[in-house]
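J.: any chance you can model this:
(2 chains)
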Amino acid sequence: MVTSNSSDAPDDLQLAQAGDSRAFARIVGLHAKTMWLSARALCRDEHEAEDLAQETFVEAWKSLSRFDGRCQITTWLFGILRHRFLKSRRKPRPLPSSDDVECANPRASAALSPEKQAQQSEDAERLRHLLHELSDQHRVILELRFLAGATLEEIATLIDCPLGTVKSRLHHALEKLRRARFAVNLFDDHGESQASD
Amino acid sequence: MTDKPESCDAWQTQLSWLAAEALPESEAAALRQHLTECPGCAARRQQLVSLADDLSRLSPRAEELNAIQDRLIAKTMSAIDLAGPSRDVIPGRCMVAWRWLVGGIVATAVSIGVLWFGFRASETPGPDRSVAERQSGGGDLELARPTLRAYAIAFARSNESLDSLLQVHGEQMALSSPGRRPFLLEEFP
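T.: Alright, predicted model coming up:
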């Protein structure tokens, strides 16, 4: 799902800026999944992610006329999402339980046999476990890129890091996960020494 | 694969970015060329691409995402309806201007009221003050009360003025406490 929502629907945008809430609803529909997945990557809680995404859209509606189109609307929404997330972190809240951070079931393929599906489900569970064993800064980058489909520039906006840092973290996060996933023997592995960030 | 070709070190980060579909095409072409010549890097690339695919599959099912999308639209639109029109569209700007205008008018009115009452309070003479003012003959407010300043002013003017002031203040004392002789007469018989 490495796709980026880059279609900003300029007509809807103009209508929404003129106060048309229906046009804004279409914009929300276009970006809802990305915003929710990104919010979930940040806060690790599905319910909180939904609230966060909703707050982001409401805030966007309130200040829509200030959006000047110099960046993509997704990038602008990510900026708002980040602001809302940081604001929500200032309030004391219980830490998410392990149930909260579990992802939903992986997408099942109807074409696969039950055995294959079971195998795939087991693999996904193991990968999810490995992903959550990564540091937060690595996990967030991978979730934003591969689950939410955010571009590296959008990720940089969302986590307020230079693009170079995002690229570096992406490489190290993938490398750590690859080593864990494929149980790479460091002495047999060709190419590099232990990756670190 | 125990050999470690020096030329491969430079490609490792690009391999990760290629798997994440974040490598510019200009760099991707050179990397693909290297991959055709290096089985080690090609194997690593295969692992990274497989990993990227598996990560993408951790996303919730399409039906779940669609349900979340619908809920988000409904909740957002409901919140927007409650919040009213966008803050910065033209009616909103007018509303903000009106708020500032009304606030300014109220603040000005309160300030004028406070100043007016303060002025009135300082202008309104009390009963003793009016007597002293009337009897001292000068209409001089500073002489209306028996203060050191009042006596200093009267002393500077003339002896008559001082006598008059003593007289006035003595009468004030007599008026305020009828059974008692004026202190000034007691002290300066």
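J.: would you list every one of the helices in chain A?
T.: A:10-17, A:21-43, A:46-62, A:73-90, A:98-101, A:114-133, A:136-142, A:152-159, A:163-181 (DSSP state H).
J.: list the buried ones in the last one?
T.: Within helix A:163-181, the residues that qualify as buried are A:165-181, counting by 16 or more other Cβ atoms under 10 Å in any protein chain shown. To be clear about C-beta, it is placed using only N, CA and C from the backbone, and glycine gets the same treatment.
J.: okay, the helices of chain A in JSON lines with mean pLDDT and distance to residue B:98 next?
T.: JSON lines is the format used below for those (pLDDT from 0 to 100; distance: least, Cβ to Cβ, whole Å):
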{"stretch": "helix A:10-17", "mean pLDDT": "83", "distance to residue B:98": "22"}
{"stretch": "helix A:21-43", "mean pLDDT": "92", "distance to residue B:98": "23"}
{"stretch": "helix A:46-62", "mean pLDDT": "93", "distance to residue B:98": "18"}
{"stretch": "helix A:73-90", "mean pLDDT": "89", "distance to residue B:98": "27"}
{"stretch": "helix A:98-101", "mean pLDDT": "43", "distance to residue B:98": "45"}
{"stretch": "helix A:114-133", "mean pLDDT": "84", "distance to residue B:98": "53"}
{"stretch": "helix A:136-142", "mean pLDDT": "92", "distance to residue B:98": "44"}
{"stretch": "helix A:152-159", "mean pLDDT": "91", "distance to residue B:98": "36"}
{"stretch": "helix A:163-181", "mean pLDDT": "93", "distance to residue B:98": "44"}
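J.: do a quick rundown of the helices in chain B.
T.: Using DSSP H, helices in chain B cover B:6-9, B:12-19, B:25-37, B:39-56, B:62-83, B:90-123, B:127-136, B:148-157, B:159-176, B:183-187.
J.: now those helices as TSV including mean pLDDT?
T.: Formatted as TSV, the helices of chain B follow (pLDDT from 0 to 100):
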stretch	mean pLDDT
helix B:6-9	72
helix B:12-19	91
helix B:25-37	89
helix B:39-56	91
helix B:62-83	89
helix B:90-123	75
helix B:127-136	50
helix B:148-157	79
helix B:159-176	76
helix B:183-187	49
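J.: out of those, deepest packed?
T.: Of all those, helix B:12-19 has the most neighbours on average by mean count of other Cβ atoms under 10 Å in any protein chain shown, namely a mean of 22.
J.: so which elements touch that one?
T.: helix A:163-181, helix B:25-37, helix B:39-56 (3 or more Cβ pairs under 8 Å, 6 or more residues apart in numbering or on different chains; DSSP states H and E).
J.: and residue B:150, which of those helices is closest to it?
T.: helix A:163-181 (78.4 Å; Cβ to Cβ).
J.: contact partners of that closest one?
T.: Contacting residues not belonging to helix A:163-181 are listed as A:126-127, A:130-131, A:133-134, A:137-139, A:141-142, A:145, A:152-153, A:155-156, A:159, A:161, A:184, A:186, A:189, A:192, A:195-197, B:12-13, B:16-17, B:19-20, B:22, B:44, B:47-48, B:51-52, B:54-55 [Cβ atoms under 8 Å, 6 or more residues apart in numbering or on different chains].
J.: how much does it deviate in direction from helix B:12-19?
T.: 90 degrees (axes from the mean of the first three to the mean of the last three Cα atoms, to 10 degrees).
J.: separation between the closest residue in space to residue A:84 that isn't next to it in sequence and residue B:100?
T.: Nearest residue to residue A:84 in three dimensions, chain neighbours excluded: residue A:55, at 4.9 Å (Cβ to Cβ, 6 or more residues apart in numbering or on different chains). Going from residue A:55 to residue B:100 by Cβ to Cβ, to the nearest Å gives 27 Å.
J.: the helices of chain B: which one's closest to residue A:77?
T.: Closest among the helices of chain B, using Cβ to Cβ: helix B:62-83, at 11.9 Å.
J.: quick one: the closest one to helix A:21-43, angle?
T.: Going by the same axes, to 10 degrees, helix B:62-83 makes 120 degrees with helix A:21-43.
J.: and helix B:62-83 with chain A, contact?
T.: Yes. For helix B:62-83, a contact with chain A is found by Cβ under 8 Å from any Cβ of the partner chain, at B:62, B:64-65, B:68-69, B:71-73, B:75-77, B:79-81, B:83.
J.: could you dump that helix to CSV, C-alpha only?
T.: The C-alpha trace of helix B:62-83 is given here as CSV (Å, rounded to 0.1, in the frame of the first residue of the first chain):
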residue,chain,number,x,y,z
ALA,B,62,-10.4,-2.8,3.1
GLU,B,63,-13.8,-3.2,4.7
GLU,B,64,-12.5,-2.0,8.0
LEU,B,65,-10.8,1.0,6.5
ASN,B,66,-14.0,1.8,4.6
ALA,B,67,-16.0,1.7,7.8
ILE,B,68,-13.5,4.0,9.5
GLN,B,69,-13.6,6.3,6.5
ASP,B,70,-17.4,6.5,6.7
ARG,B,71,-17.3,7.1,10.4
LEU,B,72,-14.7,9.8,10.1
ILE,B,73,-16.7,11.6,7.4
ALA,B,74,-19.9,11.4,9.5
LYS,B,75,-18.3,12.5,12.7
THR,B,76,-16.3,15.3,11.0
MET,B,77,-19.4,16.7,9.2
SER,B,78,-21.4,16.5,12.4
ALA,B,79,-18.7,18.5,14.3
ILE,B,80,-18.5,21.0,11.4
ASP,B,81,-22.2,21.5,11.5
LEU,B,82,-22.0,22.3,15.2
ALA,B,83,-19.0,24.5,14.7
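J.: contacts made by it with the rest, please.
T.: A:21, A:24-25, A:28-29, A:32-33, A:35-37, A:50, A:53-54, A:57-58, A:61-62, A:104, A:107, B:59-60.
J.: before we move on, the earlier item: from the residues of helix B:62-83 next to chain A, which two are the most distant?
T.: So, those by Cβ to Cβ: farthest apart are B:62 and B:83, at 30.8 Å.
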